[in-house]
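Trainee: no letters, just coordinates:
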């Protein structure tokens with residue numbers, strides 16, 4: 001049964017529509033806090049008015065470095081309400097990552113949590129923006145940055161204000177001529193380039209594609225959707241968020257995934273839908289205190305993975321209507337979703353039909369010639385797509401987004417007689433570890449900065465728990481003898497944790513093919529040989 005399709009095509013207007021239609025319905029459950037759609041609307045208004053007082057307006061960029069909590073929603077949608085776009089930053093980011101994203105996005109106001117797990121972002125801010133030691137400041141490194149706002153306790157930095165203070169100083173809002181075609185988010189995703197690519201996501205695409213995703217899951221106003229996958233991912237920002245809100249359902253947030261606490265939340269709030277990944281499903285099943293009765297309320301959700309991994313979610317975790325998916329950031333998180341009412345075997349073995357407004361075709365990767373039903377080739381997508389990469393100097397936009405309106409995914413798959421997609425493998429060197437994309441070149445570029453390293457190569461190696469792990473091979477400069485522990489510590493202190501190599505091998509030279517290219521397959525085999533010898 002289809003839900004009532006919302007009228008709004010802008011995320012801030014969508015919340016307003018729901019606040020009028022279902023004012024008292026729960027929009028967000030965040031810990032012990034429940035916010036109705038009307039209460040969320042009030043907080044969004046307060047953030048919008050406060051940002052307007054800071055000079056944020058149509059065309060501004062607000063950077064958001066925040067865990068899954070109501071403030072993420074209020075900050076993002078509040079910024080969008082005054083016409084700004086939101087650059088959503090990865091909370092695993094460290095100084096090296098954040099410096100690039102702040103500069104690349106031209107962020108004018110940064111909203112960030114004070115810390116996350118062992119990370120103290122105030123220390124990172126002191127390093128990147130030392131001018132914050134003064135109440136009146138301007139940044140030499142980030143000339144566009146004018147304000148830094150911390151979510152939570154009062155900061156120790158004189159140049160920083162709190163989100164609560166911003167909301168308290170809100171100006172009355174005047175109508176802003178926002179458009180469905182405005183950029184809602186700038187999402188940073190790893191790709192073939194050495195640095196993350198900036199992908200613009202427009203409001204209408206997020207809402208329309210998100211509504212279709214929710215329809216495939218069978219969401220209704222009564223559903224409670226458990227979301228511990230980060231909202232800064234496409235899986236969160238332009239998938240879980242619009243799929244839930246376009247159906248008037250409830251987001252149940254976990255700041256960051258932790259299996260025992262996740263079980264508590266699912267059980268306490270009787271969650272009916274879940275966004276999961278293979279490593280998350282495995283962690284839930286292995287968590288102390290797991291019992292099928294604790295997750296018996298789960299009915300539907302989204303999952304990517306192999307047939308065995310999805311079967312495990314369906315049968316062992318007990319999500320009978322779990323949906324198989326395919327997609328990426330460039331196509332609004334998902335372009336294919338299996339309907340929740342398909343037979344189990346069909347959902348296990350296919351990624352589903354294209355969503356409404358989406359078309360797929362399969363092409364020969366070398367010639368570009370279109371291939372017939374059943375043939376394996378590159379998956380190409382048309383319909384809800386990003387409009388290229390922002391600030392792209394690598395030429396990646398021209399390569400990925402053709403003038404014919406089709407996105408070249410670099411993934412391999414086939415179409416069946418009914419038009420359903422069957423994903424086969426990635427044609428690129430991308431590493432997917434625990435559901436997160438890591439570009440080898442990005443890690444290679446970082447490790448090359450170490451003074452003891454002359455050459456470096458990074459590969460993805462199969463892993464039972466995370467699907468793949470990042471493994472690095474380095475050649476030391478003459479006279480240098482860096483240890484694996486030293487190099488891993490160097491990485492752990494400076495780059496996001498999911499990019500830190502699980503293993504770093506110091507070798508005399510990097511292997512090459514007969515044509516002189518890096519022999520990545522040989523590196524994978526070398527890692528596996530050395531791992532067996534030390535087991």
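Mentor: Great, that's in hand. Computed from a predicted structure; not experimentally measured.

Trainee: now stretch 115-122: buried residues?
Mentor: Using 16 or more other Cβ atoms under 10 Å as the test for burial, stretch 115-122 gives 115, 116, 119, 121, 122. C-beta here means a position set from N, CA and C on the backbone, and glycine is covered the same way.

Trainee: so which of these sits lowest on pLDDT?
Mentor: In terms of pLDDT, the lowest of the buried residues of stretch 115-122 is residue 119, showing 82.

Trainee: nearest to residue 262, of the buried residues of stretch 115-122?
Mentor: Proximity of these to residue 262 (Cβ to Cβ) peaks at residue 116, which lies at 16.8 Å.

Trainee: okay, the buried residues of stretch 115-122 in JSON lines with secondary structure and distance to residue 400 next?
Mentor: What follows is these, written out as JSON lines (DSSP: H, G, I helix; E, B strand; the rest coil; distance: Cβ to Cβ, whole Å):
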{"residue": "115", "secondary structure": "strand", "distance to residue 400": "36"}
{"residue": "116", "secondary structure": "strand", "distance to residue 400": "31"}
{"residue": "119", "secondary structure": "strand", "distance to residue 400": "32"}
{"residue": "121", "secondary structure": "helix", "distance to residue 400": "32"}
{"residue": "122", "secondary structure": "helix", "distance to residue 400": "37"}
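
Trainee: pull the most distant pair out of the residues you listed.
Mentor: 116 and 122 (11.6 Å).

Trainee: and residue 66, what pLDDT?
Mentor: Value listed for residue 66 in the pLDDT field: 96.

Trainee: residue contacts, it?
Mentor: The contact partners of residue 66, by Cβ atoms under 8 Å, 6 or more residues apart in numbering, come to 72, 75, 91, 111, 112, 113, 151, 231, 232.

Trainee: can you check residue 183 too?
Mentor: With contact taken as Cβ under 8 Å, 6+ apart, residue 183 is in contact with 85, 200, 201, 202, 203.

Trainee: and with 10 Å instead?
Mentor: Listed by Cβ atoms under 10 Å, 6 or more residues apart in numbering, the contact set of residue 183 reads 59, 61, 80, 84-87, 199-203, 386-387, 390.

Trainee: residue 305 too?
Mentor: With contact taken as Cβ under 10 Å, 6+ apart, residue 305 is in contact with 276, 277, 278, 279, 281, 311, 312, 313, 324, 325, 435, 467.

Trainee: in helices, which of these fall?
Mentor: Among the contacts of residue 305, the ones falling in helices (DSSP state H) are 278, 279, 281, 311, 312, 313.

Trainee: is it true that the fourth one touches residue 322?
Mentor: Spelled out, that is residue 311. Yes. Using Cβ atoms under 10 Å, residue 311 makes contact with residue 322 at a distance of 9.4 Å.

Trainee: more neighbours: which of those two?
Mentor: Higher neighbour count among residue 311 and residue 322: residue 322, with 30 against 17, using other Cβ atoms under 10 Å.

Trainee: need phi/psi at the more buried one.
Mentor: phi -60, psi 140 (degrees, to the nearest 10).

Trainee: which residues pair with it across the strands?
Mentor: residue 301 (DSSP bridges).

Trainee: quick revisit: nearest to residue 362, of the buried residues of stretch 115-122?
Mentor: Relative to residue 362, the closest of the buried residues of stretch 115-122 is residue 116; by Cβ to Cβ it sits at 40.9 Å.

Trainee: show me what contacts the closest one?
Mentor: 65, 66, 67, 91, 92, 93, 255, 256.

Trainee: now the residues you listed: which count as buried?
Mentor: With neighbours counted using 16+ other Cβ under 10 Å, the contacts of residue 116 contain these buried positions: 65, 66, 67, 91, 92, 93, 255.

Trainee: what about the strands in the stretch 51-200 of the chain?
Mentor: Counting by DSSP state E, counting those that start in this stretch, one finds strands in the stretch 51-200 of the chain at the ranges 61-65, 85-88, 109-113, 115-116, 119-120, 147-151, 160-162, 183-189, 197-202.

Trainee: between these, which gets nearest to residue 414?
Mentor: Among these, the nearest to residue 414 by Cβ to Cβ is strand 183-189 (24.8 Å).

Trainee: once you drop chain neighbours, what's closest to residue 183?
Mentor: Spatially, and ignoring its direct neighbours in sequence, residue 183 is nearest to residue 85 (4.1 Å; Cβ to Cβ, 6 or more residues apart in numbering).

Trainee: in this structure, which residue is closest to the centre?
Mentor: residue 233 (1.5 Å; Cα atoms, centre = their mean).

Trainee: now that one: how far from residue 90?
Mentor: As for residue 233, its distance to residue 90 is 8 Å (criterion: Cβ to Cβ, to the nearest Å).

Trainee: identify the contacts common to those two.
Mentor: Counting by Cβ under 10 Å, 6+ apart, the common neighbours of residue 233 and residue 90 are 187, 188, 189, 436.

Trainee: including neighbour count, could the residues you listed go into a markdown table?
Mentor: Formatted as a markdown table, those follow (neighbours: other Cβ atoms under 10 Å):
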| residue | neighbour count |
| --- | --- |
| 187 | 27 |
| 188 | 25 |
| 189 | 19 |
| 436 | 23 |
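
Trainee: adding distance to residue 163 and pLDDT, write these out as JSON lines.
Mentor: Output for these, formatted as JSON lines (distance: Cβ to Cβ, whole Å; pLDDT from 0 to 100):
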{"residue": "187", "distance to residue 163": "22", "pLDDT": "97"}
{"residue": "188", "distance to residue 163": "22", "pLDDT": "94"}
{"residue": "189", "distance to residue 163": "26", "pLDDT": "86"}
{"residue": "436", "distance to residue 163": "27", "pLDDT": "83"}
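
Trainee: before we move on, the earlier item: and the strands of the stretch 51-200 of the chain, which is most packed in?
Mentor: Highest mean neighbour count of those: strand 85-88, a mean of 27 (counted as mean count of other Cβ atoms under 10 Å).

Trainee: nearest residue to residue 530 other than its sequence neighbours?
Mentor: residue 505 is the one closest to residue 530 (Cβ to Cβ, 6+ apart), at 6.5 Å.

Trainee: three-state assignment of residue 14?
Mentor: Of the three states, residue 14 takes helix under DSSP: H, G, I helix; E, B strand; the rest coil.

Trainee: show me what contacts the residue nearest to residue 530?
Mentor: Counted by Cβ under 10 Å, 6+ apart, residue 505 has contacts 457, 471, 472, 473, 474, 484, 487, 523, 526, 527, 530, 531.

Trainee: which of the residues you listed count as buried?
Mentor: 457, 471, 472, 473, 474, 487, 523, 526, 527.

Trainee: related to what we said a few turns ago, list the contacts for the residue nearest to the centre of the chain?
Mentor: So residue 233 contacts 88, 90, 187-189, 239-240, 275, 329, 333, 435-437 (Cβ under 10 Å, 6+ apart).

Trainee: repeat that for residue 128.
Mentor: Applying Cβ under 10 Å, 6+ apart, the residues contacting residue 128 are 95-96, 98-99, 102-103, 110, 121, 139, 141-142, 145, 148.

Trainee: and residue 276, by the same measure?
Mentor: Counting by Cβ under 10 Å, 6+ apart, residue 276 has contacts 226-229, 257, 262, 282-284, 298, 301-305, 309-310, 313, 317, 319, 322, 435.

Trainee: do you know how far it is from residue 526?
Mentor: Separation of residue 276 from residue 526 (Cβ to Cβ): 33 Å.
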